[in-house]
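[1] My questions are about this predicted structure, shown below with the sequence.
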Amino acid sequence: MKHVLATVVALGLGGAGSALAQQSAAIPGAAGDYREVKDDKLVVPGFNLTVDQIDDMNVMGANNAKIGEVEEVLMNAAGQPVAVVVDVENSVGIGDKEVVVGLDQLRLDGGTLVTALSNGQIAALPTWHD
């Protein structure tokens with residue numbers, strides 16, 4: 001069974017840090033109750049794409065730099081997709097690790113997912129261990 005093993009850290013970035021802490025804390029799973037979506041045909045709300053279509057999709061930062069790619073789509077205890085696991089590349093400067101990014105932190109731009117999160121905010125996200 002996979003577990004989320006990190007605590008969301010509120011960053012001292014004024015309103016942006018507070019907003020991140022509030023949004024991340026509101027997403028179930030910070031306490032470890034995420035599960036991998038096994039149904040590749042399940043449609044992910046807000047993106048109108050299946051789990052299979054989102055898997056391996058690139059994740060870019062606001063500055064158009066590649067952050068990593070989607071490894072898994074995660075669901076909450078109710079079975080609703082709520083987050084993705086992003087395999088963060090070493091080039092981001094936080095080391096090679098997998099982090100949990102809430103779907104509310106991403107937007108679809110063509111065939112790419114884009115986030116406004118900074119590298120520091122990404123480093124503070126919960127880590128996914130499988």
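    Nice, I can see it. Residues are numbered from 1 along each chain as shown.

[2] So which elements touch whichever strand or helix holds Val99?
    In this assignment (DSSP states H and E), Val99 forms part of strand 97-102. Where contact means 3 or more CB pairs under 8 Å, 6 or more residues apart in numbering; DSSP states H and E, strand 97-102 is packed against strand 81-88, strand 128-129. To be clear about C-beta, it is placed using only N, CA and C from the backbone, and glycine gets the same treatment.

[3] Tell me which of those lies nearest to Val73.
    Nearest of the helices and strands packed on strand 97-102 to Val73, taken as CB to CB: strand 81-88 at 5.4 Å.

[4] May I have the strands that pair with the closest one, each with its orientation?
    Strand 81-88 has its sheet partners listed here by DSSP bridges as strand 66-75 (antiparallel), strand 97-102 (antiparallel).

[5] contacting residues for the most centrally placed residue in the chain?
    Nearest residue to the geometric centre of the chain (CA atoms, centre = their mean): Val101, 1.5 Å. Taking CB atoms under 8 Å, 6 or more residues apart in numbering, we find Val101 in contact with Val59, Ala83, Val84, Val85, Val86, Thr115, Leu117, Ile122, Leu125.

[6] Also Glu36?
    Applying CB under 8 Å, 6+ apart, the residues contacting Glu36 are Lys2, Glu72, Val73, Leu74, Met75, Asp130.

[7] Next, give me the two most distant ones among those.
    Largest separation among the contacts of Glu36 by CB to CB: Met75 and Asp130, giving 14.8 Å.

[8] Now for the nearest residue to Met57 once chain neighbours are set aside, how many residues are close by?
    Leaving aside its sequence neighbours, Met57 sits nearest to Val70 (CB to CB, 6 or more residues apart in numbering; 4.8 Å). If you count neighbours by other CB atoms under 10 Å, Val70 ends up with 20.
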